[in-house]
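J.: return a 3D structure for these sequence lines:
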Amino acid sequence: MSSEPPMRAAAAWTRSSRCCARESAAVPPGDGSAVNHYTAIFDDARVLDVHRYSDAGPGEPGSVMTITFELAGQEFIALNGGPQFPFTEAVSLSVDCASQEEVDRFWMRLTDGGEEGPCGWLKDKFGLSWQIVPRKLTELLGDPDPVKSQRVMEALFGMKKINIQSLMDAAEQ
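T.: Residues are numbered from 1 along each chain as shown. Reported below is the predicted structural model:
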């Protein structure tokens, strides 16, 4: 079993009814570099299949049309729909992290060339939004004491990359 945290797709990604979830989105550019970047970040990752455009188009012949790949046990299909279909925050991937070390590692690798956002959100260098979320956050926000969970939420609002210890400190004030 892999030590990689599970990934959850967030927002409006299409799932098939097959036993394995397949997710698709436009992944620029058409040379597969985005997928190669993502599979280099996750230990349990691999490219499963690549389809290229033919002379029939609509893409440049030989350029990547789709790539089926897997990250942390989750299968995705990346479609090169072209630059007219950019990513937006309406679609993000959420990485469930067991520790601060995992949060730090994924944050560093995914923000390289990208940009930090608030509350554990970031955009990578291809414009895809990610949520890097420690499991402890869900536990702290779900505390039966509403005052504690409110302090955690307020601490979260002041963060870009989530710091677990700071959240725990806020809960115990």
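
J.: any idea how far the most centrally placed residue in the chain is from W121?
T.: Centroid-nearest residue in the chain, with CA atoms, centre = their mean: L93, separated by 3.1 Å. Here L93 is placed at a distance of 11 Å from W121 (CB to CB, to the nearest Å). Bear in mind the C-beta positions are built from the backbone N, C-alpha and C, glycine included.

J.: hey, which helix or strand in this structure has the poorest pLDDT?
T.: The helix or strand of the chain with the poorest confidence is strand 7-11; it has a mean of 36 (mean pLDDT, DSSP states H and E).

J.: okay, S3: pLDDT?
T.: Confidence at S3, expressed as pLDDT, is 42.

J.: where does the chain dip in pLDDT?
T.: 1-31 (pLDDT under 70).

J.: T111 - how many residues pack around it?
T.: 19 (other CB atoms under 10 Å).

J.: that one contacts W121, correct?
T.: No - contact criterion CB atoms under 8 Å: T111 and W121 do not qualify, at 10.5 Å.

J.: any shared contact partners between these two?
T.: Applying CB atoms under 8 Å, 6 or more residues apart in numbering, one finds that no residue jointly contacts T111 and W121.

J.: follow-up on the earlier one: overlap of the contact sets of L93 and W121?
T.: S129, W130, Q131.

J.: helices - which of these land there?
T.: Judged by DSSP state H, the shared contacts of L93 and W121 include no members of helices.

J.: and those as TSV, adding distance to E172?
T.: Converted to TSV, the shared contacts of L93 and W121 look like this (distance: CB to CB, whole Å):
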residue	distance to E172
S129	31
W130	29
Q131	25
